[in-house]
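[1] this one's structure only:
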């Protein structure tokens, strides 16, 4: 399962509020200095093969491949002195880059 912190759920609801989008796609894609990067995008509806996860009033759309890499991940929204944005806390990642934007398995 993929989890959202209260902070992430509230931020996603805020971002979706004045749009026609109904959820957020959580995905991974090849790239970055460690092999894969995380991606969050607003979406109107899921693709036919997506796994739809409803948590804390938010719909997450996840394709099958990304889901395998994101099982157990918690998505947080942080506002720290040097960073503001969504942060993926992924127990499957064996290595991450210094900025936290990419990971390797």
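    Okay, I see it. Everything numeric in this text was worked out from a predicted model, so none of it was measured. Residues are numbered from 1 along each chain as shown.
[2] for residue 85, see how far away residue 50 is.
    From residue 50 across to residue 85, the span is 23 Å (Cβ to Cβ, to the nearest Å). Any C-beta I mention is one placed from the backbone N, CA and C, and that applies to glycine too.
[3] neighbour count winner among the two?
    When residue 50 and residue 85 are compared for neighbours, residue 50 comes out ahead with 20 against 13, by other Cβ atoms under 10 Å.
[4] roughly how far apart are that one and residue 82?
    In terms of Cβ to Cβ, residue 50 sits 34 Å off from residue 82.
[5] and for residue 2?
    26 Å.
[6] same deal with residue 20?
    Counting by Cβ to Cβ - residue 20 and residue 82 are separated by 34 Å.
[7] please say which of these two ends up with more neighbours.
    Just comparing residue 20 and residue 82: by other Cβ under 10 Å the higher neighbour count belongs to residue 20, 8 against 4.
[8] chain neighbours aside, what residue packs nearest to that one?
    residue 44 (5.9 Å; Cβ to Cβ, 6 or more residues apart in numbering).
[9] any idea of the pLDDT on that neighbour?
    Residue 44 is assigned a pLDDT of 97 by the prediction.
[10] likewise for residue 88?
    Reported pLDDT for residue 88: 89.
[11] that one contacts residue 72, correct?
    No: in this structure residue 88 lies outside contact range of residue 72 using Cβ atoms under 8 Å: 10.9 Å.
[12] give me the more crowded residue out of the two.
    Taking neighbours as other Cβ under 10 Å, residue 88 and residue 72 compare with residue 88 leading, 22 against 12.
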